[in-house]
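Q: next comes the sequence, and after it the predicted model I'd like to discuss.
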Amino acid sequence: GAGGEATSAAAAVDRFSELSTASSRAEQVDYLVKGLGLDAATASLMYRAERLQEKGQALQALLYYRKVLEARPQCREALVNVQILEQLLRDQQQLPQQQQQQQQQQQQQ
């Protein structure tokens, strides 16, 4: 129900605050390595994606999150953010046709 969604949203905000208060990029990447079990290169991609998303650069952030997923297909944070950004871009109609075609192919499989 709505209570569960509110709890998970609060947890996401807490995590976001934890990342935002980390004093340096190195500490934030280290947090991603330890917290999400990413290797340093993938954590750097994740860090970049999150910064772009914060700045409202959704399309660029989406590209970085997809790179994270290429390396770590099970990364839940990247998966969730890809879904959020794809929906946002669809709403703004900024998502290229190629994306819609890929989704149609997946549905046919």
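A: Thanks, I have the structure now.
Q: in the chain, which spans are helices?
A: Read by DSSP state H, the chain holds these helices, from start to end of the chain: 2-21, 25-36, 40-54, 58-71, 76-92, 97-108.
Q: what mean pLDDT does the first one have?
A: The reference is to helix 2-21. For helix 2-21, the per-residue pLDDT values average out at 56.
Q: same check on stretch 29-48?
A: For stretch 29-48, the per-residue pLDDT values average out at 92.
Q: stretch 66-74 too?
A: Predicted confidence along stretch 66-74 averages 96 (mean pLDDT).
Q: mind listing what's buried in it?
A: Across stretch 66-74, burial judged by 16 or more other Cβ atoms under 10 Å covers 67-69, 72. Any C-beta I mention is one placed from the backbone N, CA and C, and that applies to glycine too.
Q: looking at those residues, which is nearest residue 34?
A: For these, the minimum distance to residue 34 (Cβ to Cβ) is 14.5 Å, reached by residue 72.
Q: return the distance of the closest one relative to residue 25.
A: 20 Å (Cβ to Cβ, to the nearest Å).
Q: same check, this time on residue 84
A: From residue 84 over to residue 25 (counting by Cβ to Cβ), the distance is 23 Å.
Q: neighbour count for these two, which is higher?
A: Each of residue 84 and residue 25 had its neighbours counted (other Cβ atoms under 10 Å), and the higher figure belongs to residue 84 (15 against 12).
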